[in-house]
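S.K.: Build me a structure from this.
(one chain, ligands or ions: 1)
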Amino acid sequence: ILLGLILSFFLVALGISHKMAKKAMVPVRLSFKRQREFVADASHELRTPLSVLYSSLEVLDLEEENHLSDYSRQVMEDMKDELKRMTKLVGDLLTLARVDSGVANMNMTTFDLAPIAMQLIRSIQPVSKQKDIQVTANIPHVLQVVGDIEKLRQLFYILLDNAIKYTPANGQVSVTVAIQDKHWLLRVKDTGLGIQPEDQQKIFDRFFRADKHRSRQLGGVGLGLSIAHWIVTSHEGSITVESEFGKGSEFIVRIPLLLKKTATG
Ligand code: ADP
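M.R.: Modelled structure (predicted):
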C-alpha cells in the first residue's frame, strides 16, 4: 500500500510538472526543476528495495517449493507480477525524469540490429503463446545500423509488448524490418483492438491511454509510447501509427542508417 501511495504521488507529480513545463515562466522553472530532481532521485532510490523484494520472493519460492499450498504459491506469483510492474513503472519514470533534466544520453555505436531483434522476438514468445497469438518476423540476416543498442532494444520491446497486449487471443502480430531510401524501417502490425482516429496522435503523450480501464487492467500506465517517441526522435527518426478501430494497428518507425549527430540527449 505504501509503495502504491508513493508511486501514485510520483505519477501525479510527473503529470503536473509536465503540464507546467509547457507553460513554464522563469519562476515556475525552478520548482519544476526541483520536482524533476525529486522524481529522478526517488525513482532511483526505489529501484534497489524493489529488486531486493523480488529476489527475496524468488529465494522463498525456491526454498519452499515443496511446502507451499496452491493458494500461497498463487499469492506469491501475484506479488512477483506486481513487483515486476512497479519495477517497470519506476524505470519508466526514471527514464522520463532523466530526459526532462537533459541527462539521458544516447550511447551511439554501429552494430548489427538483426540478432537483437530476433532475440527479442524469441524472448517474448512465452507471452504470445500464452495468448495464442502468432508472431511472425521478417528481418534481414544482417542489418548494420547506428544507434543506442539498449534504447533500440527497448523500442522494439515497447511496440511488440503493446501489439501483444492489445490483441485478443488467436490474433496475429508481424514484425518487419527493411531498408528503404537510406533509412531502416520497423513495422509492428497487429490484428488487435485498434485505436480511434481522434486518439491516434494523443497516444504518444505521457499518461495517455485510449481506454483507461482496459489499459490499466492490462498493466499499462501510458508511458511506453512517449519513451518510444523519445528514442526514435533521438535517433533522428519518426514514428507513426496507422490503425482501424476494431481491426488492428501498425506502428511504423523510420530511422536514418547514418546519423548526423553521434550523441543526442
Ligand atoms: P500503456 O502502458 O498504457 O500501454 P503506451 O504509451 O505504450 O502505454 O500506449 C498508450 C496507449 O496507446 C495505450 O494505453 C493504448 O490505449 C494505445 N495503444 C498502444 N499500442 C496499441 C496497439 N498496438 N493497439 C491498440 N492500442 C494501442
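S.K.: Quick one: name the residues of the stretch 101-250 of the chain near the ligand.
M.R.: 158, 162-163, 166, 190, 192-195, 203, 208-211, 215, 220-226, 249 (C-beta under 6 Å from any ligand atom). (Glycine included, C-beta is placed from N, CA and C.)
S.K.: So how do I select the buried members of these in ChimeraX?
M.R.: Selection of buried members from those for ChimeraX, criterion 16 or more other C-beta atoms under 10 Å:
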select :158,162,163,166,190,192,193,194,195,203,208,209,210,215,220,221,222,223,224,225,226,249
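S.K.: Strands - which of the residues of the stretch 101-250 of the chain next to the ligand land there?
M.R.: Counting by DSSP state E, the members of these that fall within strands are 190, 249.
S.K.: what does the model give residue 101 for pLDDT?
M.R.: Residue 101 carries a pLDDT score of 83 in this model.
S.K.: Look up how far the ligand lies from residue 82.
M.R.: Distance, residue 82 to the ligand, by C-beta to the nearest ligand atom, to the nearest Å: 15 Å.
S.K.: Just the buried residues of the helix or strand encompassing that residue, please?
M.R.: Following DSSP states H and E, one finds residue 82 within helix 70-100. Under the neighbour-count criterion of 16+ other C-beta under 10 Å, helix 70-100 has 76, 83, 86-100 buried.
S.K.: next helix or strand past it?
M.R.: Using DSSP H and E, the helix or strand that follows helix 70-100 towards the C-terminus is strand 109-112.
S.K.: Buried ones in the following helix or strand past that following strand, by neighbour count?
M.R.: Using DSSP H and E, the helix or strand that follows strand 109-112 in sequence is helix 113-123. Neighbour-count burial for helix 113-123, counted by 16+ other C-beta under 10 Å, picks out 113, 114, 116, 117, 120, 121.
S.K.: try stretch 226-240
M.R.: Buried residues in stretch 226-240, defined by neighbour count with 16+ other C-beta under 10 Å: 226, 227, 228, 229, 230, 231, 232, 234, 235, 236, 237, 239.
S.K.: Which pLDDT value belongs to the closest residue to residue 171 other than its chain neighbours?
M.R.: Among residues not flanking residue 171 along the chain, residue 191 sits closest, at 4.4 Å (C-beta to C-beta, 6 or more residues apart in numbering). According to the predicted model, the pLDDT of residue 191 comes to 98.
S.K.: now the longest helix along the chain against helix 70-100, angle please.
M.R.: Ranked by residue count under DSSP state H, the longest helix found in the chain is helix 26-63. Interaxial angle, helix 26-63 versus helix 70-100 (axes from the mean of the first three to the mean of the last three C-alpha atoms, to 10 degrees): 150 degrees.
S.K.: Now helix 26-63: average pLDDT?
M.R.: 78.
S.K.: now for that helix, which elements pack on it?
M.R.: helix 2-23, helix 70-100 (3 or more C-beta pairs under 8 Å, 6 or more residues apart in numbering; DSSP states H and E).
S.K.: Out of these, which gets the lowest mean score?
M.R.: Least confidently modelled of these is helix 2-23, at a mean of 56 by mean pLDDT.
S.K.: any chance you could read off phi and psi for residue 260?
M.R.: With angles defined as degrees, to the nearest 10, residue 260 sits at phi -70, psi -50.
S.K.: quick one: pLDDT of it?
M.R.: In this model, residue 260 carries a pLDDT of 84.
S.K.: ok, it - contacts?
M.R.: residue 236 (C-beta atoms under 8 Å, 6 or more residues apart in numbering).
S.K.: thought residue 250 was touching residue 191?
M.R.: No: the pair formed by residue 250 and residue 191 falls short of the contact definition of C-beta atoms under 8 Å, at 10.3 Å.
S.K.: Can you tell me the number of residues neighbouring the residue nearest to residue 171?
M.R.: 18 (other C-beta atoms under 10 Å).
S.K.: Can you give me every residue that contacts residue 244?
M.R.: So residue 244 contacts residue 194 (C-beta under 8 Å, 6+ apart).
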